[in-house]
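1. everything below, folded, please.
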Amino acid sequence: MQTRTRRISTNSPRRPHLRLSAPLVWPAVGPPIHDGAVLVGPTGMIDEVGPADAVPSPPGADLRTFESCVLLPGLINAHTHLELHGLRGKVEEADFFDWIRGIKVAKEELPKEAFVEAARGGVRDTWRWGVTTVADTGTSGATVYALSELGGHGVYYHEAITPDPSAVEAVFANFEVQVGVLRDVAGADVSVGVSPHAPYSAHEDLYRRVIDLADRASLPLAGHVAESSAETAFVTQGQGPFADLWRSRGLDLPTPRRSPVQFAADQGILRPEMLAIHTVQVDDEDMALLAAHGAAVVSCPRSNIRHGHGPPPLARLVDAGIRVGLGTDSIVSVGSVDMLAEARAACALEGVTPEIALHLLTIGAASALGLDQSTGALVPGLRADLCVVDVAEVSAGDGAEAVLHERARVAATVVGGRFVYWGSSGVV
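-> Numbering: from 1, shown residues only. Here you go, the predicted model:
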């Protein structure tokens, strides 16, 4: 894809100190701080966090006080498809298999430039919802351009797709070139990874080649795993609509496995730098396998329920010692990239408290993405990624409960010490 890229640095040495204070600071590590403050240095990193009377106000600092608000780490959307932002409301099929085919047709009708414009809108939209880091997957690479142009922060996983063994060599050769181009144009705060899409859409030989590329280039990995009953039927029995599609194309089906997670393990993709997307159709043996390989999981409760996959076993995944984050999936799936809504949906699941859900939006998601040494918490030395939530209309609850209340609203979003969203004024 040819497009002009203008990179915006989030680490400008010309910026003054920024000091933010609020009645409650929720740092994600350690207890909440009442009447707290966060001091951001000129390079966009957190200098100090603590009680307001202990955090200094350097000469010339930009001082911001937020009444009736909670300061917390910037939210992390650990799985979305921002290149699809222009397709909201345009693919409404109820059946998951038909919905996927509808997405494919809709994408084929769009020019390449439309994906970049959609991703730009998607990045701005995530800022509106308090998101400071995205983990995005797609086939166009548009999100790399959008994040780099706008000064956003995230990981983009480029997807490899073909079930046809005769096409693997050509598909992978083009895929490898695209990954190289995306790495060249990516801004300093944008990482590029790779993703064999799913067992029903990527041939096993394509899995092997993509994983080999990840090993050679030290790239993070992702893949859709155990999302639907249709995927499980395909992997375990060679049955269902995906299997029928393969047969209609004269393709040999993969050797049946015990589960989609076992399929992923057999491909060698389960590893600490791998993000398993969805993982709804899993049992205790699958979770033990994920934990043993150190793979992380991103769960998308609203999308899973919308497509009839059932509720993800979030609490059980956490209890199994697996690193877990939350994601919205695409706007085509759920209509918004509102991570607070995603967390509220998670709280409706058995065993998920508001504190757990908020953890999965912040430091938990950062750990799942391997970014916990740079973001996800309000700690000196980390990036100054912050979300400010107005809880003035909340009549009950404190801390996590207040933030996740349906009347709570994102008041501001800060990426690398730079305001990117400011209440009713919108994206800045």
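2. how close does Lys104 sit to Gly187?
-> 29 Å (CB to CB, to the nearest Å). Heads up, the C-betas are built off the backbone N, CA and C, glycines and all.
3. between those two, which one's more packed in?
-> It is Gly187, of Lys104 and Gly187, that has more neighbours when counted by other CB atoms under 10 Å, with 22 against 13.
4. residue contacts, Ala400?
-> Contacts of Ala400 were listed using CB atoms under 8 Å, 6 or more residues apart in numbering, and they are Trp26, Thr353, Pro354, Glu355, Ala357, Leu358.
5. now for whatever helix or strand Asn77 lives in, which elements pack on it?
-> Assigned by DSSP states H and E, Asn77 falls within strand 75-80. When contacts are defined as 3 or more CB pairs under 8 Å, 6 or more residues apart in numbering; DSSP states H and E, strand 75-80 packs onto helix 112-128, strand 131-138, strand 274-278, strand 324-326, helix 339-347, helix 363-368.
6. can you give me the angle it makes with strand 274-278?
-> Angle of strand 75-80 versus strand 274-278, following axes from the mean of the first three to the mean of the last three CA atoms, to 10 degrees, is 80 degrees.
7. quick one on the thing from earlier: any chance of the contacts of Ala400 in CSV, plus distance to Val194 and pLDDT?
-> Shown next, in CSV, are these (distance: CB to CB, whole Å; pLDDT from 0 to 100):
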residue, distance to Val194, pLDDT
Trp26, 34, 97
Thr353, 35, 97
Pro354, 35, 96
Glu355, 34, 96
Ala357, 29, 97
Leu358, 30, 97
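8. now do the helices in the stretch 151-300 of the chain.
-> Remark: helices assigned in the stretch 151-300 of the chain by DSSP state H, counting those that start in this stretch are 168-185, 204-217, 229-237, 240-248, 260-267, 284-293.
9. need these in TSV (columns: mean neighbour count and mean pLDDT).
-> What follows is the helices of the stretch 151-300 of the chain, written out as TSV (neighbours: other CB atoms under 10 Å; pLDDT from 0 to 100):
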stretch	mean neighbour count	mean pLDDT
helix 168-185	16	98
helix 204-217	18	98
helix 229-237	21	97
helix 240-248	16	96
helix 260-267	23	98
helix 284-293	17	98
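10. what sits closest to the spatially most central residue of the chain if chain neighbours are left out?
-> For the chain, Ala78 is the residue whose C-alpha lies nearest the centre (CA atoms, centre = their mean; 1.8 Å). Among residues not flanking Ala78 along the chain, Gly325 sits closest, at 3.4 Å (CB to CB, 6 or more residues apart in numbering).
11. part of a strand, is Gly36?
-> Yes - the assignment for Gly36 (DSSP: H, G, I helix; E, B strand; the rest coil) places it in a strand.
12. can you tell me how far it is from Val334?
-> Counting by CB to CB - Gly36 and Val334 are separated by 33 Å.
13. adjacent strands (with direction) for the strand or helix carrying Ser21?
-> Element membership for Ser21 (DSSP H and E) is strand 18-25. Strand 18-25 pairs in its sheet with strand 33-40 (antiparallel), strand 62-65 (parallel), strand 69-73 (parallel), by DSSP bridges.
14. got those as CSV, with mean pLDDT and mean neighbour count columns?
-> Below are the strands paired with strand 18-25 laid out as CSV (pLDDT from 0 to 100; neighbours: other CB atoms under 10 Å):
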stretch, mean pLDDT, mean neighbour count
strand 33-40, 97, 21
strand 62-65, 97, 14
strand 69-73, 97, 27
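15. could I get those as TSV with distance to Leu289?
-> Shown next, in TSV, are the strands paired with strand 18-25 (distance: least, CB to CB, whole Å):
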stretch	distance to Leu289
strand 33-40	39
strand 62-65	47
strand 69-73	30
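16. now do the domain split for this protein, please.
-> Domain assignment of the chain by automatic domain parsing yields the ranges 18-74+376-427, 75-368.
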